[in-house]
Every structure is written in structure tokens, then in C-alpha cells.
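Asker: no sequence on this one, just coordinates:
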């Protein structure tokens, strides 16, 4: 078999063929998985089981300044997070991948449940950055660990 070329029933598949294989399963599966995770995450964010702990800032927090131009890079995660299942050929591989991805998600949700946490508020006028202000309003700057993107 030629490595680098994906095959199905001994016929080569290009990228389009790979993406279209089980397309609806991949699309709705990824959306459903993401929806379930965020429903749980936002519920825990708005209903912490105990008082929220503040995580102190560290030297990298001071060394790496805020840059609103990084927002498109952050938002690109919605593209690359869907790539692995889109490039898989079998439902078994997709389900196995989903199970492996679920483990760190569940660990993170357990941390958020047992140790709700946040970073100290930044001294930034978020009104000057509406795209970032929207994200901050949804995330409420909570659950900074292990979800360090919030920080």
C-alpha cells in the first residue's frame, strides 16, 4: 500500500473523499460532543460547587502581554479541533478518538467542579476590544486551571 494515500476498498481516496466518508456522522458527532462539553462547562462555570479560588499570576503572565491580534489564532481552534475526526475513515476510529478526547475533558470538568478557580481581573478596558469582551462575558474569567486559555 502506498503510504500517504488513504485507501478504502483498495481504491485511493483523496482529501475530499476522506472528508466525505461518514460526513454526517463526523459533523454531528463533533458538534454533539462539543455541545455536551460546553453545556457541562458553562453549567459548572455559573454554578460552582464551592467558592471560587483565585490563582495568583506568575512571571509568564507579566512577560506575555495581551494582544487583541491574537484573537484569530485563538478562534482557529474551532477549525483544528475538528480536523482529526474529519480525516478518519471509519466510525470505529472516530468513536475511539472521541473516547480518548473525553478523558481529559472529564478530568478538566472534575477539576472545575471540585476546585472552581479564576485569575485576578486584568487591568484592561475590555470595551476597547469587543471580540475579546464577548468571549470574556461568556467565560466569565473562571476555571483558569487547567483551562489556561481563560487566563
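Answerer: Structure received. Predicted model only: the values in this text are computed from it and were never measured. Numbers count the residues shown, from 1 in each chain.
Asker: so where do the strands sit in the protein?
Answerer: 6-8, 11-13, 53-54, 117-118 (DSSP state E).
Asker: got a list of contacts for the third one?
Answerer: With contacts defined as C-beta atoms under 8 Å, 6 or more residues apart in numbering, strand 53-54 is touched by 115, 116, 117, 118, 119, 120. (Each C-beta comes from the backbone N, C-alpha and C, glycine too.)
Asker: list the buried ones in stretch 71-88?
Answerer: Counting neighbours by 16 or more other C-beta atoms under 10 Å, one finds that the buried residues in stretch 71-88 are 84, 85, 86, 88.
Asker: just stretch 36-51 next, same as before
Answerer: Neighbour-count burial for stretch 36-51, with 16+ other C-beta under 10 Å as criterion, is recorded at 37, 40, 41, 44, 45, 48.
Asker: distance to residue 54 and pLDDT for those residues - can I get that in a markdown table?
Answerer: Listed next are the buried residues of stretch 36-51 as a markdown table, based on distance: C-beta to C-beta, whole Å; pLDDT from 0 to 100:
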| residue | distance to residue 54 | pLDDT |
| --- | --- | --- |
| 37 | 25 | 91 |
| 40 | 23 | 92 |
| 41 | 19 | 88 |
| 44 | 17 | 89 |
| 45 | 15 | 86 |
| 48 | 13 | 88 |
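Asker: quick one: which of those residues is nearest residue 99?
Answerer: Proximity of the buried residues of stretch 36-51 to residue 99 (C-beta to C-beta) peaks at residue 37, which lies at 13.5 Å.
Asker: and that closest one, how far from residue 98?
Answerer: Using C-beta to C-beta, to the nearest Å, one obtains 11 Å as the distance from residue 37 to residue 98.
Asker: so where's this structure uncertain?
Answerer: Across the chain, the ranges flagged by pLDDT under 70 are 1-12, 139-142, 147-151.
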